[in-house]
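Asks: coordinates only, sequence not included:
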């Protein structure tokens, strides 16, 4: 019996995954432990290894999206008969959950292949290279061990094309130059497609072609599909309400400036988001109704604050988690949040970095946004939005004073708590930010 190749399950919340790339072509041999295919999920990408040695047959094509436990192919042992028509086995829904770290996406410079040597490249990369007429020699591969994958091919130098000679009569060429007609766009009616003077005249008098409608359809990635489904279900299945609160950040701005200078030698640069994370984490411990989630008919409150921090990527949004943020010094939170954001953009976060959050902080202040309406990250009961710092006005003894201000936007699930405890929590966050030296204790 052949060894079945399954779409592995990465985390308990994974509902689907995409076979992004086969590292072993259909019909080629693989050794046990070698990388077999690359899996794309809503959270992480993962290289899946072969569990046996033998000939690989694909049941799923690159780009196919399936459920965990679906069979994507087979490995036939030496001497085993390979049928012309592959069977369609039942999926294995009780497949074990894996949590391996994803492979590093940073490109590795490919070593020049010796004369006659085979360049290490995926089947999809070779197919695309043939279609585009490019050479893979010298191309920097971003796959494991410098292997060239499909996404590397567009960067390869295209093979030069010989200039194409257009068959046209001298009279046609002269008229085309006078009328500014590109001979390459003219269909010739003369012998062997030769362009005549009449062809050029007809092309010049023809109406301009209609402009194609704008817009390009792009297939949604697994991450984008998951974000779409979760945002829709969040708004559909929860009772969301948002309130705003203005914060005087005069002392916060001064403190951050001092800390940037003080911690510069250690390479730690604290951000306003870091300060909000610590303030929110400590406020969550004081207000456990906000530090909760709703599951079925039970509300679970937590005595720890695992704060998720939204990080924007080109392909979507990802929320790594700072665990026990209420207990950690501000300096450690700043260092950890920078590391998580860097690894998120590099695609090297592990499953443990993305699970277990009890609350989320998201910021659009760097884009000049004053206030917005964050959408809950289920099953969490709250999410805090951070706007930009702007020049506000406060009155002191009847005199207007220009004051740096910040707006916080809190969205909470009204099924879990009411407006009064939500406002009390937000006021506690403001209290920490207006007395920021308490965040250092």
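Replies: Perfect, thanks for sending it. Owing to the predicted nature of the structure, the values given are computational and were not obtained by experimental measurement. Numbering: from 1, shown residues only.

Asks: residue closest to the middle of this protein?
Replies: Ranked by distance to the mean C-alpha position of the chain (Cα atoms, centre = their mean), the top residue is residue 315 at 3.8 Å.

Asks: which pLDDT value does the model give that residue?
Replies: For residue 315, the model assigns a pLDDT of 80.

Asks: next, the contact list for it, please.
Replies: 221, 223-224 (Cβ atoms under 8 Å, 6 or more residues apart in numbering). Where you see a C-beta, it was placed from the backbone N, CA and C, and this is true even at glycine.

Asks: okay, now the sheet partners of the strand or helix carrying residue 391, with direction.
Replies: Using DSSP states H and E, residue 391 maps to strand 382-396. As defined by DSSP bridges, the strand partners of strand 382-396 come to strand 359-363 (parallel), strand 399-413 (antiparallel).

Asks: need these in TSV (columns: distance to residue 380 and mean pLDDT).
Replies: Formatted as TSV, the strands paired with strand 382-396 follow (distance: least, Cβ to Cβ, whole Å; pLDDT from 0 to 100):
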stretch	distance to residue 380	mean pLDDT
strand 359-363	6	97
strand 399-413	8	95
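
Asks: return the most buried member of those strands.
Replies: Of all the strands paired with strand 382-396, strand 359-363 has the most neighbours on average by mean count of other Cβ atoms under 10 Å, namely a mean of 24.

Asks: got the strands paired with strand 382-396 as JSON lines, with distance to residue 440 columns?
Replies: Listed next are these as JSON lines, based on distance: least, Cβ to Cβ, whole Å:
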{"stretch": "strand 359-363", "distance to residue 440": "19"}
{"stretch": "strand 399-413", "distance to residue 440": "19"}
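
Asks: so where is this protein shaky, pLDDT-wise?
Replies: 12-13, 96-118, 123-124, 142-145, 150, 154-164, 209-213 (pLDDT under 70).

Asks: can you give me the helices for it?
Replies: Taking DSSP state H as the test, the helices found in the chain are 123-132, 170-179, 197-205, 222-237, 250-263, 272-286, 330-346, 419-434.

Asks: quick one: distance of the fifth one to the chain centre.
Replies: Same thing as helix 250-263. 32 Å (Cα atoms, centre = their mean, to the nearest Å).

Asks: stretch 338-351 too?
Replies: 11 Å.

Asks: then stretch 297-312?
Replies: 22 Å.

Asks: now stretch 407-421
Replies: 29 Å.

Asks: state the distance spanning the first to the last residue of that stretch.
Replies: Terminal residues of stretch 407-421 are spaced 19 Å apart (Cα to Cα, to the nearest Å).

Asks: same thing with stretch 132-146?
Replies: End residues of stretch 132-146 are separated by 21 Å (Cα to Cα).

Asks: can you tell me the number of residues neighbouring residue 439?
Replies: 22 (other Cβ atoms under 10 Å).

Asks: name the nearest residue to it, sequence neighbours excluded.
Replies: Leaving out its chain neighbours, the residue that sits closest to residue 439 by Cβ to Cβ, 6 or more residues apart in numbering is residue 278, at 5.0 Å.
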